[in-house]
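K.L.:
Let me see the structure of the following:
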Amino acid sequence: MSIKNIRLEVMQFLEKNVDSFVEQYLIPVEKIWQPSDFLPNSEGENFFEEVKELREIAKELPYDFWVTLVGDTITEEALPTYESWLMDVEGVDQVENGGNGWSKWIRQWTGEENRHGDLLNKYLYLSGRVNMREIEMTTQHLINDGFDIGTGTDPYKNFVYTSFQELATYVSHNRVSQIAKKFGDNKLSKMCKMIAGDEMRHHHAYSEFVTRIFQVDPSEMMLAFQYMMKQKIVMPAHFLRESGQKISTAFEQFSDSAQRIGVYTATDYVDIMQKLMNKWEIDKISNLTDEAEKARDYLMKLPARMAKISERIVIPKESHIFKWVEPARL
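P.N.:
Okay, here's the model as predicted:
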């Protein structure tokens, strides 16, 4: 049987548990928080006073913070790209009989994720600290440009990617929450903390999918894990650009801002890699082929190697000035 057919068989095997995955890792619509829970109430008599207070507190936040928050928001708002990519993964079918279990999972995961961009976008708009039109153009460019995360339609590689990326997004939103609190913006801090909570739940889900695959197809899962770590995990917004610029030209400067204020760093990348290895207990997995044994040996040595490389990374001290956030506004 071909590798592709085995993957399809494994996906069909796991699909029997999709309803329990939805129940365990996602929250019903009527019970989960919504963006309006954390924003000024536009129907209330105190709406303008609440907006004024939000804008006053926002004045205390520094430049790199705004760049990072904008970049996080744009990343969340490019959700159509992520949903359409996952719908093409081997074993996912959104057409036959209204879609299979995996397409149900992806739609409901997307429904939860969609609230994140909604909330952050509205906060940015009300804050008065950013150029919304420039942000909107960057978001449209990012959706137009799509992304290429190096997984193809392979479910094993895609689940490694989502396991990693959901945890990275948790780290980023959680750190933004901590910084906002430090500067006295408790409401923004709560927003980002709630988003981070969603991301952690989603990380637990995708990493559980990988755990289950390791139990039934350990060698191929190990090879997929090694492949993704060897080529490195690219961020969903790696094609980020400002208006009038070429594809991907803004991502490095955005990443520098995030590293400068400690929101997401090269050290975090290595930590996440190690956390995944620990979670999947790759050192204890048995019945591997010779090729998969070599892949494991490579993986076990990788965090230490990457840590040494991360120590040599030098981040520019000066912030790149983005069209999204004009210093004059701050």
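
K.L.:
tell me the SS of the residue located most distally from the centre of the chain?
P.N.:
What lies farthest from the middle of the chain is Glu45; by Cα atoms, centre = their mean that is 36.7 Å. Classification of Glu45 using DSSP: H, G, I helix; E, B strand; the rest coil returns coil.

K.L.:
now it: how far from Val270?
P.N.:
Distance of Glu45 to Val270, computed by Cβ to Cβ, to the nearest Å: 51 Å. C-beta coordinates here come from the backbone N, C-alpha and C atoms, glycine included.

K.L.:
again with Met300
P.N.:
From Met300 to Val270 the distance is 14 Å (Cβ to Cβ).

K.L.:
The two: which is more packed in?
P.N.:
For Met300 versus Val270, neighbours defined as other Cβ atoms under 10 Å are more numerous around Val270 (20 against 12).

K.L.:
which parts of whichever strand or helix holds the more buried one are buried?
P.N.:
Using DSSP states H and E, Val270 maps to helix 266-280. Buried residues in helix 266-280, counted by 16 or more other Cβ atoms under 10 Å: Ala266, Asp268, Tyr269, Val270, Asp271, Ile272, Met273, Lys275, Leu276, Met277, Lys279, Trp280.

K.L.:
from these, which single one is nearest Leu79?
P.N.:
Ile272 (21.2 Å; Cβ to Cβ).

K.L.:
For the closest residue to that closest one other than its chain neighbours, which residues are in contact?
P.N.:
Leaving aside its chain neighbours, Ile272 sits nearest to Leu167 (5.1 Å; criterion: Cβ to Cβ, 6 or more residues apart in numbering). Contacts of Leu167 were listed using Cβ atoms under 8 Å, 6 or more residues apart in numbering, and they are Glu199, Met200, His203, Ser207, Ile272, Lys275, Leu276.

K.L.:
Equivalent analysis for Ser257, please.
P.N.:
Asp64, Val67, Thr68, Gly71, Ser319, His320.

K.L.:
Filter the residues you listed down to the buried ones.
P.N.:
Asp64, Val67, Thr68, Gly71, Ser319.

K.L.:
ok, which pair from those is furthest apart?
P.N.:
Gly71 and Ser319 (12.6 Å).

K.L.:
Could you pull out the helices in the stretch 101-250 of the chain for me?
P.N.:
Remark: helices assigned in the stretch 101-250 of the chain by DSSP state H, counting those that start in this stretch are 101-127, 132-145, 155-182, 186-216, 218-231.

K.L.:
quick one: average pLDDT of the first one?
P.N.:
It refers to helix 101-127. Mean pLDDT, helix 101-127: 98.

K.L.:
The second one too?
P.N.:
For helix 132-145, the mean per-residue pLDDT is 98.

K.L.:
So which elements touch it?
P.N.:
helix 63-77, helix 79-87, helix 101-127 (3 or more Cβ pairs under 8 Å, 6 or more residues apart in numbering; DSSP states H and E).

K.L.:
so where is this structure shaky, pLDDT-wise?
P.N.:
1-2, 4, 328-330 (pLDDT under 70).

K.L.:
50 instead, please
P.N.:
Residues of the chain meeting the criterion pLDDT under 50: none.

K.L.:
For Val62, give its distance to Lys246.
P.N.:
Careful, residue 62 is Pro and not Val. 28 Å.

K.L.:
Likewise for Ser189?
P.N.:
For Ser189 relative to Lys246 (Cβ to Cβ), the value is 35 Å.

K.L.:
Looking at the two, which is more packed in?
P.N.:
A count of neighbours by other Cβ under 10 Å puts Ser189 above the other of Ser189 and Lys246, at 18 against 9.
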